[in-house]
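Chemist: generate a structure from the sequence data that follows.
(one chain, ligands or ions: 2)
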Amino acid sequence: MENSPVIQMDGVSRRFGDVIAVDELSIQVRAGEIFGVLGHNGAGKTTTVRLLNGVLTPTGGVMRVLGLNPIEDGPQLRRRTGVLTETPSLDERLSARENLIFFATLYGVDTPDIARRVGEMLETFELSDRANEKVGGYSKGMKQRLALARSLIHRPDLLFLDEPAAALDPVATRQLHGLIRRLSHYEKRTIFLCTHNLDEAQRLCDRVAVLEHGRLVAIGTPAELGRQLGSAVQLDLEVSPIHMAVALSILKEFPNLVATPDQEGEIEVSGAQREQIPALVAALAKASVPIYRVALQEPSLEDVYFALHGASTGRGALHNNGRDRILQREGRS
Ligand SMILES: Nc1ncnc2c1ncn2[C@@H]1O[C@H](COP(=O)(O)OP(=O)(O)OP(=O)(O)O)[C@@H](O)[C@H]1O
Ligand SMILES: [Mg+2]
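Modeler: Ligands and ions are numbered 1, 2, ... in the order given. The predicted structure is shown next:
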């Protein structure tokens, strides 16, 4: 049991009339992982979360969550999972403290522990000084923080977060990211995170899945997906502005490169192979071009995402046929 996946989906589908919201989805999520799910509006992320929580019945396929069947073992499962839904419903007539006490009781937190646990969550989400006010008067971000506190109140082994940072300010977002890392890295809890924030996914997630029209179109670590886009890299060069013309003429001698001059001596070089970097720097140095910075830009999850969806990120060679390459390596078409 120890190494069995926390989430196992085999060919899971869900239809709504003619719409196939989730289409033969097969995914495994490992214990302690921060697993990201990306995809356009309507790609099937929220439907997947609802299926995994037993809120929706699949129209096909098999799934296990923490070894349980979400439909048959719903109550047992919900004691071990926490969910932050897209539009969390809190009781607006109650205070934050009362909301948390209610849910702690509902989710089976031991009665003697409830007051302490509620206090801890109010502290963590910086709601202590407003804890006794009615939630109806809270701001959107405060409600979101309260909903996060609620999803964690019973210390779930598996946490589903559907757009958790949607209403949060930058400080609260950073705190949330720290908390997610702590839950995963130190407490070994598993996080299933749906997000539109590609930078968030890149920095936070151990692995990500990209959905399109309910189908899985890519899965892997952000670095793996980036490498599948191809071997070309982008370089950001900064040279002395008065040597810009010399630098550009030298870069022209490398036929596979595209050098785009930017302001103040900055040059964006795309299409380069990693192995070419030493020769390129040596050629500039030989011509006495002062080099202030050579920064290698690895393909990001954003590049992968736009390559998969066939749109340009404006990053030259990176998005060429990226989708085909990723799909070929995944053995799909
Ligand atoms: N209860 C429902 N009844 C009918 N159609 C639904 C229902 N729930 C979802 N759908 C449809 O299923 C598809 C997937 O929706 P879903 O909410 O899972 O997308 P999403 O990836 O979460 O999108 P978003 O990024 O906008 O939150 C959409 O076409 C949606 O209209
Ligand atoms: Mg959604």
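Chemist: where does the prediction get shaky in the stretch 51-200 of the chain?
Modeler: For the stretch 51-200 of the chain, no stretch is flagged by pLDDT under 70.
Chemist: who in it is up against ligand 1?
Modeler: Those residues of the stretch 51-200 of the chain that sit near ligand 1, judged by C-beta under 6 Å from any ligand atom, are Glu86. C-beta here means a position set from N, CA and C on the backbone, and glycine is covered the same way.
Chemist: just the CA trace of the helix or strand where Glu120 lies, in CSV.
Modeler: Secondary structure assigned from DSSP states H and E places Glu120 in helix 111-124. Included here for helix 111-124 are C-alpha records, laid out as CSV according to Å, rounded to 0.1, in the frame of the first residue of the first chain:
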residue,chain,number,x,y,z
THR,A,111,-13.9,17.8,20.1
PRO,A,112,-11.1,18.7,22.6
ASP,A,113,-8.9,19.7,19.6
ILE,A,114,-11.4,21.8,17.8
ALA,A,115,-10.8,25.2,19.5
ARG,A,116,-7.0,24.9,19.2
ARG,A,117,-7.1,23.8,15.6
VAL,A,118,-9.5,26.6,14.6
GLY,A,119,-7.2,29.1,16.3
GLU,A,120,-4.2,27.7,14.4
MET,A,121,-6.0,28.0,11.1
LEU,A,122,-7.1,31.6,11.8
GLU,A,123,-3.5,32.5,12.7
THR,A,124,-2.1,30.8,9.6
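Chemist: helices or strands up against it?
Modeler: If you count contacts as 3 or more C-beta pairs under 8 Å, 6 or more residues apart in numbering; DSSP states H and E, helix 111-124 packs onto helix 96-106, helix 140-152.
Chemist: repeat the analysis, applying 6 Å as the threshold.
Modeler: Judged by 3 or more C-beta pairs under 6 Å, 6 or more residues apart in numbering; DSSP states H and E, helix 111-124 is in contact with helix 96-106.
Chemist: quick one: residues in contact with the helix it packs on.
Modeler: When contacts are defined by C-beta atoms under 6 Å, 6 or more residues apart in numbering, helix 96-106 is touched by residues Leu90, Asp91, Ile114, Val118, Met121, Leu127, Ala131, Asn132, Val135, Leu146, Arg150, Ile153.
Chemist: flag every buried residue along it.
Modeler: Along helix 96-106, the positions that meet the burial threshold by neighbour count (16 or more other C-beta atoms under 10 Å) are Ala96, Arg97, Glu98, Asn99, Leu100, Ile101, Phe102, Phe103, Ala104.
Chemist: part of a strand, is Val37?
Modeler: Yes. Counting by DSSP: H, G, I helix; E, B strand; the rest coil, Val37 falls inside a strand.
Chemist: ok, it touching Ala209?
Modeler: Yes. Under the criterion of C-beta atoms under 6 Å, Val37 lies in contact with Ala209, with a separation of 5.3 Å.
Chemist: neighbour count: those two, which is higher?
Modeler: Neighbour count, other C-beta atoms under 10 Å: between Val37 and Ala209, Val37 has more, with 26 against 22.
Chemist: if I look at the more buried one, how far off is Ile7?
Modeler: 11 Å (C-beta to C-beta, to the nearest Å).
Chemist: I'd like to know which of the contacts of helix 96-106 are buried.
Modeler: Neighbour-count burial within the contacts of helix 96-106 applies to Leu90, Ile114, Val118, Met121, Leu127, Ala131, Val135, Leu146, Arg150, Ile153; the criterion is 16+ other C-beta under 10 Å.
Chemist: mind putting those residues into JSON lines with distance to Glu264?
Modeler: Listed next are the buried ones among the contacts of helix 96-106 as JSON lines, based on distance: C-beta to C-beta, whole Å:
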{"residue": "Leu90", "distance to Glu264": "50"}
{"residue": "Ile114", "distance to Glu264": "59"}
{"residue": "Val118", "distance to Glu264": "54"}
{"residue": "Met121", "distance to Glu264": "49"}
{"residue": "Leu127", "distance to Glu264": "46"}
{"residue": "Ala131", "distance to Glu264": "51"}
{"residue": "Val135", "distance to Glu264": "50"}
{"residue": "Leu146", "distance to Glu264": "47"}
{"residue": "Arg150", "distance to Glu264": "50"}
{"residue": "Ile153", "distance to Glu264": "52"}
